[in-house]
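**Q** Predicted model and sequence below, questions to follow.
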Amino acid sequence: MSQPKAMNLRFPDPAQRAAIEAAARQEGVSLQEYILSAAYARATAVETHFLEAFRASMARSGGAFAEAAGASGTDRDQERRTEELAARRALEEEQERGHAA
């Protein structure tokens, strides 16, 4: 297995490199560690923003769905299912009595 290579850091702007090196020195870490930690912080910030937006979207959708379900009469649907189940049980009991006779 080959040895891992060091990160290749190229900066087209020398002033940008100097600013990042100064920030890394101020933090007391290497240039590579500073850049990787900044990239990780950016990625987690994007993830956090996405998850917050997703939760807000789910809350809006859930509220809209609840309103639509209330307006469509889900109680009536539940009552109809209960009646259908009762009718099916009655029919099955009748059929069982017929087979027993």
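**A** Noted; the coordinates are in hand. Numbers count the residues shown, from 1 in each chain.
**Q** And residue 63, how far from residue 78?
**A** Computed as Cβ to Cβ, to the nearest Å, the residue 63 to residue 78 distance reads 21 Å. Where you see a C-beta, it was placed from the backbone N, CA and C, and this is true even at glycine.
**Q** my bad, should have said residue 32
**A** 61 Å.
**Q** next structured bit after the lengthiest helix in the chain?
**A** Using DSSP state H to define each element, the chain has its longest helix at helix 31-72. Scanning forward in sequence from helix 31-72 by DSSP states H and E, the next helix or strand is helix 74-100.
**Q** relative to helix 31-72, how tilted is that following helix?
**A** 70 degrees (axes from the mean of the first three to the mean of the last three Cα atoms, to 10 degrees).
**Q** same for helix 74-100, what does it pack against?
**A** If you count contacts as 3 or more Cβ pairs under 8 Å, 6 or more residues apart in numbering; DSSP states H and E, helix 74-100 packs onto no helix or strand.
**Q** Nearest spatial neighbour of residue 27, chain-adjacent residues omitted?
**A** residue 34 (6.0 Å; Cβ to Cβ, 6 or more residues apart in numbering).
**Q** Number of residues surrounding residue 11?
**A** 13 (other Cβ atoms under 10 Å).
**Q** give me the number of residues near the closest residue to it other than its chain neighbours?
**A** Leaving aside its chain neighbours, residue 11 sits nearest to residue 17 (3.7 Å; criterion: Cβ to Cβ, 6+ apart). For residue 17, the count of nearby residues is 14 (other Cβ under 10 Å).
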